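Asks: When you get a sec, could you give me coordinates for this:
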Amino acid sequence: MTGQPSETDDRLHSLLANPVRRAVVRHFVAHPASESLDGLARAAAADMDPADTTDTRTLCLALHHVHLPKLAGAGVLTYDADDGRIEPSLPVESENDVALALAAVSEAHRLRDGAGDY
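Replies: Next comes the predicted model:
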């Protein structure tokens, strides 16, 4: 059926529904290089709305235990917990799709929350 979101679209939107994961993906689309856990936490915090952020240590724990495993499971990145390095693994040709999905999810959250333009 045309016009209906695919299962892949649903998974991508679900994956990007969280502001931390959106910040991580935006970071790696803009900077497709290996990153440390601490560096990624700082970059994500700087990218996020202050209402969605917390201290860097808590963000590192959330990245380590929740967000990075979900993103790794989706093939967006690889995470070596032993050395604390994260490598983006997003195929170059899908960066535009991710950017479009990020924009769509962000807009949906903005509309849902009744926020104005930002």
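Asks: Pull out the buried residues from stretch 66-80.
Replies: Neighbour-count burial for stretch 66-80, counted by 16 or more other CB atoms under 10 Å, picks out 67-68, 71-72, 74, 76-77, 79. Heads up, the C-betas are built off the backbone N, CA and C, glycines and all.
Asks: pLDDT of it, averaged?
Replies: The pLDDT scores in stretch 66-80 average 91.
Asks: Which of the three states applies to residue 75?
Replies: Counting by DSSP: H, G, I helix; E, B strand; the rest coil, the backbone at residue 75 sits in coil.
Asks: mind putting the buried residues of stretch 66-80 in CSV, distance to residue 29 included?
Replies: What follows is the buried residues of stretch 66-80, written out as CSV (distance: CB to CB, whole Å):
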residue, distance to residue 29
67, 16
68, 16
71, 12
72, 16
74, 14
76, 10
77, 11
79, 17
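Asks: hmm, which two among these are most spread apart?
Replies: Greatest spatial distance in the buried residues of stretch 66-80: 74 and 79, 11.7 Å, computed using CB to CB.
Asks: Within the sheet, what are the partner strands of whichever strand or helix holds residue 87, with directions?
Replies: Residue 87 belongs to strand 85-88 when assigned by DSSP states H and E. The strands beside strand 85-88 in its sheet (DSSP bridges) come out as strand 35-36 (antiparallel), strand 77-80 (antiparallel).
Asks: Tell me the helices and strands packed up against the helix or strand following the shortest one.
Replies: As assigned by DSSP H and E, the chain's next helix or strand after strand 35-36 is helix 37-47. Based on contacts counted as 3 or more CB pairs under 8 Å, 6 or more residues apart in numbering; DSSP states H and E, the elements that helix 37-47 packs against are helix 19-30, helix 56-62, strand 85-88.
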